[in-house]
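Trainee: using only what follows, build the 3D model:
(chains A and B, ligands or ions: 1)
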Amino acid sequence: MTIKLWKGNEAIAEAAVRAGADAYFGYPITPQTELLEYLSSRMPALGRVFLQAESEIGAIHMVYGAASAGKRAFTTSSSPGISLMQEGLSYIAASEVPCVLVDIMRGGPGLGNIQPSQADYFQMTRSAGHGDYHPLVLAPATVQEAVDLMSISFDLAFLYRHLVVLLADGILGQMMEPVEMPPLRTLEDQMPGWALTGAVGRPPRNITSLYLGAEQLEGLNLRLQAKLAQIAAYEQRWESYRTDDAEQLIVAFGTVGRIARSAVDQAREQGQRVGLFRPISLWPFPAQPLAQLSRHVDSILVVEMNAGQMREDVERIVGGPVHFLGRMGGMIPTPEEIVEALPMKPKAQVHRNGSNGAAPVKRIKERSYAPSA
Amino acid sequence: MPPVLERPIENQTNNGSPVLEPVYCFPDSLRDVHTHYCPGCTHGTIHRLVAEVIDELGIRERTLMVAPVGCAVFAYEYFNLDSCEAAHGRAPAMATGLKRVLPDQIVFTYQGDGDLASIGTNEIIHAAARGEKITVIFVNNAVYGMTGGQMAPTSLPGQVTSSSPAGRNPAIQGHPIHIPEMLAGMPGVAYAVRRSVHSVAEIRKTKKAIRQAFQTQLDGLGLSIVEILSSCPTNWRMDPAGALDFIRDQMVPVFPLGDFKVIG
Ligand SMILES: Cc1ncc(C[n+]2csc(CCOP(=O)(O)OP(=O)(O)O)c2C)c(N)n1
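Mentor: Predicted coordinates:
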């Protein structure tokens, strides 16, 4: 077991290589360009395909082609590039070919900036393209976790013949951390029964997303929905931190989940009983475990680097309004800021009159985790 | 729809009567199904030529087709080949993905003029710039057929379409795009020609060109493209014979037939 310092983007790239990626197609965009640069020498050195595409549109449709041949194909980009890829993502989902996408989010909307952001939570979890589907979205909080999730993402993509997205932000892509890399996997040359290989001694195969008849297209949609239900049942991932005796719960994902962990420790030092729930799979969202936890806490604070996109999921799951702290445009919440935003104040700060300065949180039947603003 | 002919029964007799040599068969590379093409549309003729060439080169079992968005969107149901259906204009990118992971297979796209010369210009130009070893069958009918005959980048000056009711005015709507001429200047392109299917003689020449385009890929020389002037009687509001005359009299003068690049 060797632990080495890795830059996030390069670590993710190497993890994809070790997971048996056959082909990579991509286009430069900060803050994920190191992925492309790293793979430009690493993939050819192993006799695998690397191609810098003419655009993100080109890249995703090249992935679509390579994936149609049954290969482990992937691409990487960041927010504006992902917007361009949405066409291909939708076709890939409809055609049920496996595909892995890494999205190192940056600030938006528009060209925005190259600072870290979580503003594309909706874009990825809601559909990542036109039509009725969700990709399987995994959100790591550390470089090690990004490597671990990357290592299983092709397996998940092939298991479900679906789109798997590793959703991170510029911090994770750019930071260096100690990582234990999994070994380089040598895969048998896979020949899935649906792949385009040339119709040798068998009827031809077609890969298409076109179903002109309403009944046929509803049939495809029903099949997709059944598959998504299966993914929802089996692929929920999350982490709970110091939640056993928590009165206040923070919910945060990715990089913010990691910052929130420090906030939990700080608040605990001040005598507050705070815990963290960190969804790792954003779709499917780990609804059941969050709902369960919510029954044992008095308040919930959602922290995100966006205007409250995951908050909508959390409120739907816990059945009421929650507190929210959001930074945007590349601003990163600090642990202190998060502690400050906790709705219940530490005992030391309790006001003379006995109130803690925040709106009282009552245990009522119709549960509310925040004053309805 | 291509004519469906019974395959002659080979070597039927050994009693001294002459053995029949097949001279005209239904191609293995086509499926024996009805197509949805309009009467007089030459997509079917072009399908047949491509299928015959694939048969004659003996590459059916290693050929992969990328179908377009356009009237030929169902080409994958008509060809007896492993195939896929690309998004509008993206066929060269999808073909690139296939060819890069399966370099020993033969990959071709079949694209209309809206697909290739409008929404898909980025994809075709960069596939050509990279010298992707794919073959492009580019069917130019001077309109967007599938969506009802709107103006295409290849519509003729003065051509009345459902979205250029006053006729295409180059001062406002620009001039027709000449794809093989454009691509011929690129080192990655090994074969760039224009043909037509408005007469039997031209159909024969088109087949030869398609054959050479696939041979170019087999020889690993670079991208090969055959633009084929094709009829759209429905959207041109003409009878099938009049549509063929339109190609000869109106389209050929704007889109000259010929070889713009031939390597090998
Ligand atoms: C992204 C996108 N834009 C528009 C369309 C609608 N559309 C379908 S076919 C077509 C035009 C096809 O014309 P052409 O490529 O010339 O082929 P033809 O139908 O004439 O054979 C268009 C615009 C689409 N399917 N996808």
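Trainee: could you measure residue B:86 against residue A:313, distance?
Mentor: 34 Å (C-beta to C-beta, to the nearest Å). Using the backbone N, CA and C atoms, a C-beta is placed for each residue, glycine as well.
Trainee: cool, residue A:212 as well?
Mentor: 35 Å.
Trainee: likewise residue B:154?
Mentor: 48 Å.
Trainee: circling back to that earlier point, between residue A:212 and residue A:313, who's got more neighbours?
Mentor: Between residue A:212 and residue A:313, residue A:313 has the larger neighbour count (other C-beta atoms under 10 Å in any protein chain shown), namely 20 against 9.
Trainee: wait, that one sits on residue A:284?
Mentor: No. Applying C-beta atoms under 8 Å, one finds residue A:313 not in contact with residue A:284, separated by 10.5 Å.
Trainee: show me what the helix or strand containing residue B:211 is in contact with.
Mentor: When elements are assigned from DSSP states H and E, residue B:211 belongs to helix B:200-218. For helix B:200-218, contacts defined as C-beta atoms under 8 Å, 6 or more residues apart in numbering or on different chains pick out B:45-46, B:49-50, B:52-54, B:56-57, B:59, B:106-108, B:133-137, B:190-191, B:193, B:195-197, B:222, B:224-226, B:228, B:257, B:262-264.
Trainee: rerun at 7 Å
Mentor: B:45, B:49-50, B:52-53, B:57, B:106, B:133-135, B:137, B:190-191, B:193, B:195-197, B:224, B:226, B:228, B:264 (C-beta atoms under 7 Å, 6 or more residues apart in numbering or on different chains).
Trainee: following it, which helix or strand shows up next?
Mentor: By DSSP H and E, the next helix or strand past helix B:200-218 is strand B:223-229.
Trainee: run me through the strand neighbours of that following strand, direction for each.
Mentor: With DSSP bridges as the test, strand B:223-229 is paired with strand B:135-140 (parallel), strand B:189-196 (parallel).
Trainee: do it and the ligand meet?
Mentor: No. Contact check for strand B:223-229 against the ligand, using C-beta under 6 Å from any ligand atom: none in range, with a minimum separation of 11.2 Å.
Trainee: same question for whichever residue of the stretch 51-200 of chain B sits closest to chain A, what's its three-state structure.
Mentor: Residue nearest to chain A within the stretch 51-200 of chain B: residue B:97 (2.5 Å; C-beta to the nearest C-beta). Here residue B:97 is helix, with the state taken from DSSP: H, G, I helix; E, B strand; the rest coil.
Trainee: contacts only, for it.
Mentor: A:25, A:61-66, A:73.
Trainee: and with 10 Å instead?
Mentor: A:23, A:25, A:49, A:51, A:53, A:58-69, A:71, A:73, B:66, B:84, B:86, B:90, B:107 (C-beta atoms under 10 Å, 6 or more residues apart in numbering or on different chains).
Trainee: and residue B:184, how many residues sit next to it?
Mentor: Residue B:184: 18 neighbours (other C-beta under 10 Å).
Trainee: I'd guessed it sits against residue B:225; true?
Mentor: Yes. Counting by C-beta atoms under 10 Å, residue B:225 is a contact partner of residue B:184 at 9.1 Å.
Trainee: what's the overlap in contacts for these two?
Mentor: Common neighbours of residue B:184 and residue B:225 (C-beta under 10 Å, 6+ apart) are B:128, B:191-193, B:260-261.
Trainee: from the ligand, how far off is residue B:102?
Mentor: 26 Å (C-beta to the nearest ligand atom, to the nearest Å).
Trainee: wouldn't that residue be in contact with residue A:191 here?
Mentor: No. The criterion here is C-beta under 10 Å, and residue B:102 misses it with residue A:191 at 11.6 Å.
Trainee: who has more neighbours, these two?
Mentor: Using other C-beta under 10 Å, the more surrounded residue of residue B:102 and residue A:191 is residue B:102, with 22 against 10.
Trainee: what sits against that one?
Mentor: A:65-66, A:68-71, A:195-198, B:62, B:64.
Trainee: go on, residue A:213?
Mentor: residue A:219.
Trainee: one more: residue B:237?
Mentor: B:149, B:160, B:162, B:243.
Trainee: the worst-scoring helix or strand of chain A on mean pLDDT: how far from the chain's middle?
Mentor: When each helix and strand of chain A is scored by mean pLDDT, DSSP states H and E, helix A:170-174 comes last, with a mean of 95. Its chain's C-alpha centre and that of helix A:170-174 lie 14 Å apart, by C-alpha atoms, centre = their mean, to the nearest Å.
Trainee: for it, which positions count as buried?
Mentor: Under the neighbour-count criterion of 16 or more other C-beta atoms under 10 Å in any protein chain shown, helix A:170-174 has A:170-174 buried.
Trainee: with stretch B:138-152 instead?
Mentor: Those would be B:138-146, B:149-152, for stretch B:138-152 by 16+ other C-beta under 10 Å.
Trainee: among those, which one sits closest to residue A:239?
Mentor: residue B:146 (50.2 Å; C-beta to C-beta).
Trainee: report whether the biggest helix by length in chain A contacts chain B.
Mentor: Identified as the longest helix of chain A according to DSSP state H is helix A:214-234. No. Helix A:214-234 stays clear of chain B (C-beta under 10 Å from any C-beta of the partner chain), getting no nearer than 12.8 Å.
Trainee: pull the residues that contact the helix or strand that that helix is followed by.
Mentor: Where DSSP H and E defines the elements, the next helix or strand beyond helix A:214-234 is strand A:238-241. Contact with strand A:238-241 is made by A:141, A:145, A:246, A:249-251, A:253, A:257, A:260-261, A:264-265, A:274-281, A:285-290, A:292-293, as judged by C-beta under 10 Å, 6+ apart.
Trainee: residues contacting residue A:38?
Mentor: Contacts of residue A:38 by C-beta under 10 Å, 6+ apart are A:7, A:9-14, A:16-17, A:24, A:50.
Trainee: doesn't it lie inside a helix?
Mentor: Yes. Under three-state DSSP, residue A:38 falls within a helix.
Trainee: right, and residue A:32 touches residue A:81 too?
Mentor: Yes. Using C-beta under 10 Å, residue A:32 is in contact with residue A:81, at 8.2 Å.
Trainee: middle-most residue in chain B, spatially?
Mentor: residue B:137 (3.4 Å; C-alpha atoms, centre = their mean).
Trainee: quick check: closest non-adjacent residue to that one.
Mentor: residue B:110 (4.7 Å; C-beta to C-beta, 6 or more residues apart in numbering or on different chains).
Trainee: which SS class is that neighbour?
Mentor: strand.
Trainee: can you report how many residues neighbour it?
Mentor: 28.
Trainee: shared neighbours of residue B:102 and residue A:191, anything?
Mentor: A:69-70, A:197.
Trainee: which strand residues bridge whatever residue of chain B ends up closest to the ligand?
Mentor: Relative to the ligand, the nearest point of chain B is residue B:112 (2.3 Å; C-beta to the nearest ligand atom). Residues in a beta bridge with residue B:112, per DSSP bridges, are residue B:139.
Trainee: re the thing from before, quick check, nearest of the shared contacts of residue B:102 and residue A:191 to residue A:163?
Mentor: Among the shared contacts of residue B:102 and residue A:191, and counting by C-beta to C-beta, the member closest to residue A:163 is residue A:70, at 15.8 Å.
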